[in-house]
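Q: the sequence and its predicted three-dimensional model are supplied below.
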Amino acid sequence: MAKLNVNPTRMELSKLNKQLGIATRGHKLLKDKQDELMRQFIVLIKRNRELRMEVEKELEQSFKNFFLASATMAPEMLEESISFPKESISVHLSRKNVMGVHVPVMEMKRKMEGDEGSIYPYGCAQTPSELDDAIAKLNETIPKLLELAEVEKACQLLADEIEKTRRRVNALEYRTIPDLEETIKYIRMKLDESERSTITRLMKVKDIIDR
Amino acid sequence: MRVMYKIAVIGDKHSILAFKALGIDVFAPTDAMDARKTVDRLAKEGYAIIFITEKLASFIPDTIRRYDQLYKPAVILIPNSQGTLNLGMERISEYAEKAVGTKLL
């Protein structure tokens, strides 16, 4: 550990002591922040993993159905039947503060056009039932997909913040605080040394005068 | 006023057409360059969530990563009709690794 480049004076000593106090307190606070972030992160990432697994499975099923549907229909027909959706989905974002990290909270809004009840934007006469299945399945998956988006975004943001906090904690713990401690020790020794040399000098002078 | 944001899905046409039936905007870029442009454009246009198929995302990892630290939009990987490439799961391990500082398992 390198000591800081300062003059060994009492002034510097008290200044460094104050700095050390602040650094120690900051380190403790950041450490607490990191621990809490980590705790939240672990809960989130577990949820993220579960959700992703479920969503991937459900999507696959839906895609499979859709694939079957597209095999039994002419591509133009397929496109035509679904290209004018009856509903529109939008999300509302609000912020949630998790230990100083702003995490989005997503809220889904679905808007239906015309009659409620049916999600299919086509008549059933000319489309295979696989298409209905695919779309119904996908429709059920959407809320989960949204939750996945929310959780995954939160995970990304938290991971980033945890990394930053960890760097800060480590910088304080392994660099700033030891440096300060070493410098303080150095100044103390230097001051003690000069005090001793003053005393011996005085003794010597007294000796000379007395003789 | 509550500001509403839109959702987009990017991927190959066969995989994502189904989303269209539910009123989600779909985009089917033809190559990596086009995909990158689409993602950037959608991010700028105020889409809150962009789902992108893993296949397409594997061509433009840097672009995807750029939005990781931003509050909006959330770029989320989904499998395509050929199944999952496991990229999404790998990304979850990546976050964990970033947070913990060492590789888990």
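A: Structure's in. What do you need?
Q: can you list the residues of chain B near chain A?
A: Within chain B, the positions near chain A by Cβ under 8 Å from any Cβ of the partner chain are B:2-7, B:14-15, B:17-24, B:48-49, B:51, B:68-69, B:71-72, B:74, B:76, B:78-81, B:83-84, B:88-89, B:92, B:95-96, B:98-101. Backbone N, C-alpha and C define where each C-beta goes, glycine included.
Q: of those, keep whichever come out buried.
A: Taking 16 or more other Cβ atoms under 10 Å in any protein chain shown as the criterion, what is buried in the residues of chain B next to chain A is B:4-7, B:14-15, B:17-24, B:48-49, B:51, B:68, B:74, B:76, B:78-81, B:84, B:88-89, B:92, B:95-96, B:98-100.
Q: give me the number of residues near A:Leu78?
A: 21 (other Cβ atoms under 10 Å in any protein chain shown).
Q: give me the contact list for whichever strand or helix holds it.
A: For A:Leu78, the host element (DSSP states H and E) is helix A:75-82. Defining contact as Cβ atoms under 8 Å, 6 or more residues apart in numbering or on different chains, one finds that helix A:75-82 is touched by A:69-70, A:73, A:121-122, A:126-127, A:131, A:135, B:17-18, B:20-21.
Q: what's the next secondary structure element after it?
A: For helix A:75-82, the succeeding helix or strand toward the C-terminus, using DSSP H and E, is strand A:87-98.
Q: what mean pLDDT does the helix holding A:Leu78 have?
A: For helix A:75-82, mean pLDDT rounds to 76.
Q: pull out the buried positions in that helix.
A: Neighbour-count burial for helix A:75-82 [16+ other Cβ under 10 Å]: A:Leu78, A:Ser81, A:Ile82.
Q: between the lowest-mean-pLDDT helix or strand in chain B and strand A:87-98, how big is the angle?
A: One helix or strand of chain B scores below all others by mean pLDDT, DSSP states H and E: helix B:13-20, with a mean of 80. Angular relation of helix B:13-20 and strand A:87-98 on a 0 to 180 degree scale: 90 degrees, by axes from the mean of the first three to the mean of the last three Cα atoms, to 10 degrees.
Q: which element follows helix B:13-20 toward the C-terminus?
A: Next element after helix B:13-20 (DSSP H and E): strand B:25-27.
Q: wait, B:Pro79 sits on A:Glu60?
A: Yes - at 6.0 Å, B:Pro79 and A:Glu60 qualify as touching, with contact defined as Cβ atoms under 8 Å.
Q: and the spatially most central residue of chain B, what element?
A: Compute the mean C-alpha point of chain B, and by Cα atoms, centre = their mean the closest residue is B:Ile52, 3.3 Å away. Counting by DSSP H and E, the element that carries B:Ile52 is strand B:47-53.
Q: what do you get for A:Pro8?
A: Here A:Pro8 is assigned to no helix or strand, by DSSP H and E.
Q: returning to that earlier point: packing partners for the least confident helix or strand of chain B?
A: helix A:10-72, helix A:75-82, helix A:129-171, strand B:4-10, strand B:25-27, strand B:47-53 (3 or more Cβ pairs under 8 Å, 6 or more residues apart in numbering or on different chains; DSSP states H and E).
Q: ok, which of the ones you listed comes nearest A:Glu195?
A: helix A:10-72 (11.1 Å; Cβ to Cβ).
Q: doesn't A:Lys206 belong to a strand?
A: No - counting by DSSP: H, G, I helix; E, B strand; the rest coil, A:Lys206 is located in no strand; its state is helix.
Q: burial count for it?
A: A:Lys206, neighbours per other Cβ under 10 Å, totals 10.
Q: so what's A:Lys86 closest to, chain neighbours aside?
A: On the basis of Cβ to Cβ, 6 or more residues apart in numbering or on different chains, the spatially nearest residue to A:Lys86 that is not a chain neighbour turns out to be A:Pro121, at 4.6 Å.
Q: if I've got this straight, that neighbour is in a strand?
A: No - A:Pro121 sits outside any strand when classified using three-state DSSP, being coil.
Q: in this structure it contacts A:Leu131, no?
A: No - contact criterion Cβ under 8 Å: A:Pro121 and A:Leu131 do not qualify, at 10.7 Å.
Q: neighbour-wise, which of those two wins?
A: The neighbour comparison of A:Pro121 against A:Leu131 (other Cβ under 10 Å) goes to A:Leu131, with 24 against 19.
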